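# what would the 3D arrangement of this be:
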Amino acid sequence: MKVFHTPLGGGVVGVTVEGRLDAATVPSLEQVLQRLLFEGQARLVVDLGGVNYISSSGLRALLTARRQARSRGGDVFLCSLHPRVREIFEMVGFVSVFGVYATRDEAAAAFQSAPVA
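Below is the predicted model:
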């Protein structure tokens, strides 16, 4: 699995994930998300377009990051969900928990109109 991040402007950071998100690979994602949050980056867009599988540990990592980001006045939005991953998010009800967008640009723009947590 690969995880990398890039600034998207307006205080938003994009985090791109590629590969499977399972118990073996989730720690890499958690490390990146925790470091960004520790550095004060609380407006995150996680691009899951390159992820075709997500386990419960991956869901937990995203939910934990969202809770921490919201406690810092930000949020975690998701974009580009692979159809299989979107199906999992729908089954567990996460599409109503997370802001889910078709593209990274749409997710980043949503921060401009998002209410302050």
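
# can you show me the strands along this structure?
Along the chain, counting by DSSP state E, strands occupy 2-9, 12-18, 43-50, 75-79, 99-101.

# and the third one, which residues are buried?
Spelled out, it's strand 43-50. By 16 or more other CB atoms under 10 Å, the buried positions in strand 43-50 come out as 43, 44, 45, 46, 47, 48. To be clear about C-beta, it is placed using only N, CA and C from the backbone, and glycine gets the same treatment.

# who touches the last one in this structure?
In this structure, residue 48 makes contact with 17, 54, 78, 79, 80, 81, 82, 85, judged by CB atoms under 8 Å, 6 or more residues apart in numbering.

# so can I have JSON lines of the residues you listed showing distance to residue 3?
Shown next, in JSON lines, are those (distance: CB to CB, whole Å):
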{"residue": "17", "distance to residue 3": "5"}
{"residue": "54", "distance to residue 3": "13"}
{"residue": "78", "distance to residue 3": "14"}
{"residue": "79", "distance to residue 3": "15"}
{"residue": "80", "distance to residue 3": "15"}
{"residue": "81", "distance to residue 3": "16"}
{"residue": "82", "distance to residue 3": "16"}
{"residue": "85", "distance to residue 3": "15"}
